[in-house]
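Asker: For reference, the sequence and a predicted model appear below.
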Amino acid sequence: MKKLFFPLLIAFFVLSALAHYLHWNTVAQFVISAVTIVFVAGFLGKATEAVAHYAGQRLGGFLNATFGNAAELIIAIFLVKEGLFDMVKASLTGSIIGNLLLVLGASALAGGLKFKEQKFNIHLAGQNASLMLLGVIALFIPAVFVKSEHLSQGDTMTLSVTVAAVLIIAYIGWLVYSMVTHKSLLEDHADTQADHGETAAWSKGQSILFLVIATVMVAFVSEWLVGTLHTFTDQYGMSELFVGAFIVAIVGNAAEHSAAVMLALKNKIGAAVEIAVGSSLQIALFVAPVLIFVSLMFGNPMNILFTTVEIAAIGVAVLIATSISRDGATTWYEGKLLLLVYIVLGVAFFFV
């Protein structure tokens, strides 16, 4: 099967491209793209694991999250250009809660069923918790002040730009803190490292190259797959909020999800946590604020006001994820709790 993996990956990717650009039947496009995303996810998982072998679990997970969010950022920029602000905010909300609940939950559950307890850097867990709370505060304050004090559109945009700038500064500071000044404090220690006992499938250069290629493939296949969903949503009468927050977010991040689970199954929970939590932080502290400035460049300003439902969902996700991950260890039961909260939110969003 291993020998057939790459030929099948290429074959399905080409087939998916043909189905999209030749405008095949929507159901056929959906099925082919869904199968393709499984192979692409496997490729991304292998590339991430190889990079993590050389760079460590944390940097490997960070690169995976960054490349995955870069593709999502590009798609969001096109949506902003078209003025589809509600869909953009819903998809950002979905990415944050999806990573914190679905990805982290599935990783902890899968890894916990194989290993009794999985540990990662406790200092990193504490810093992640603080940053997640900062993201919630930054979304909560503008919504409350604008709605309660009835701020003008101009003041609302000024507040949005200020908050966006603060979040970007906070994220850049976090990168300097975690990657430069306090790198040794946050790296994997002996008690949290997985026992590799294995050699990497590719060289360091090949691993990085394949990670980039896999990410590009993810971007294309995700966009093709998401494009077919509108027909299904119209047919079954689903709301734009539910589609953006759950359907688009799950499909668009499918490869990241599976990569994190694959790493957890190999007792590399540090990389899985970095993909899940690190990706959420990147969305909240960098991607969302950048989109505010991008909208200004297009001359069609987008504010940072999320709906009450979206803020509540993000707040709940951060609360349970912080409670579970702050001790620097995960078990299968904690993973199950995260998934149950995700199911509750999914059902609630469906009826909005």
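Answerer: Nice, I can see it.
Asker: now Val290: how far from Tyr171?
Answerer: Counting by C-beta to C-beta, to the nearest Å, the separation of Val290 from Tyr171 is 10 Å. Where C-beta positions appear, they are placed from N, C-alpha and C, glycine not excepted.
Asker: which of those two has more neighbours?
Answerer: Here Val290 and Tyr171 are set side by side on neighbour count (other C-beta atoms under 10 Å), and the busier one is Tyr171, at 21 against 17.
Asker: So what's the gap between whichever strand or helix holds the more buried one and the chain middle?
Answerer: Counting by DSSP states H and E, the element that carries Tyr171 is helix 153-176. Averaging C-alpha positions (C-alpha atoms, centre = their mean, to the nearest Å) puts helix 153-176 20 Å from its chain's average.
Asker: buried set for the following helix or strand past that helix?
Answerer: Using DSSP H and E, the helix or strand that follows helix 153-176 in sequence is helix 183-186. By neighbour count, with 16 or more other C-beta atoms under 10 Å as the criterion, the buried positions of helix 183-186 are Leu186.
Asker: Now do the longest helix along the chain: which elements does it pack against?
Answerer: Ranked by residue count and defined by DSSP state H, the top helix of the chain is helix 204-236. Contacts defined by 3 or more C-beta pairs under 8 Å, 6 or more residues apart in numbering; DSSP states H and E place helix 204-236 against helix 2-21, helix 26-55, helix 57-81, helix 249-252, helix 254-265.
Asker: And for Phe351, the neighbour number?
Answerer: Phe351 sits with 7 neighbouring residues when counted by other C-beta under 10 Å.
Asker: ok, it to Asn25 distance?
Answerer: Look at Phe351 and Asn25: by C-beta to C-beta, they are 30 Å apart.
Asker: Next, the angle from the longest helix of the chain to helix 26-55.
Answerer: Taking axes from the mean of the first three to the mean of the last three C-alpha atoms, to 10 degrees, one finds that helix 204-236 is oriented at 150 degrees with respect to helix 26-55.
Asker: Can you list the buried residues in helix 204-236?
Answerer: 207-208, 210-211, 214-215, 217-226, 228-229, 233.
Asker: before we move on, what about stretch 305-313?
Answerer: Buried positions in stretch 305-313, judged by neighbour count with 16+ other C-beta under 10 Å: 305-306, 309-311, 313.
Asker: Kindly report the same for stretch 31-50.
Answerer: Across stretch 31-50, burial judged by 16+ other C-beta under 10 Å covers 32-33, 36-50.
Asker: Measure how far it is from the centre of its chain, please.
Answerer: A distance of 15 Å separates the C-alpha centroid of stretch 31-50 from that of its chain, computed with C-alpha atoms, centre = their mean.
Asker: okay, now Ser16: neighbour count?
Answerer: Neighbours of Ser16 using other C-beta under 10 Å come to 26.
Asker: For the nearest residue to it once chain neighbours are set aside, give its distance to Leu15.
Answerer: Leaving out its chain neighbours, the residue that sits closest to Ser16 by C-beta to C-beta, 6 or more residues apart in numbering is Thr36, at 4.3 Å. Summarising the geometry, the distance separating Thr36 from Leu15, computed by C-beta to C-beta, is 7 Å.
Asker: Likewise for Lys89?
Answerer: 34 Å.
Asker: between the two, who's got more neighbours?
Answerer: Neighbour count, other C-beta under 10 Å: between Lys89 and Leu15, Lys89 has more, with 25 against 16.
Asker: Assign a three-state SS to the closest residue to that one other than its chain neighbours, would you?
Answerer: Ranked by C-beta to C-beta, 6+ apart and with sequence neighbours excluded, the top spatial neighbour of Lys89 is Phe306, at 5.6 Å. Classification of Phe306 into helix, strand or coil gives coil, according to DSSP: H, G, I helix; E, B strand; the rest coil.
Asker: Show me where the stretch 1-150 of the chain dips below the pLDDT cut-off.
Answerer: 1-2, 56-58, 61, 64, 68, 71 (pLDDT under 70).
Asker: how about 90 then?
Answerer: Across the stretch 1-150 of the chain, residues meeting the criterion (pLDDT under 90) sit at 1-9, 20, 23-95, 98-99, 103, 116-132, 135, 139, 142-150.
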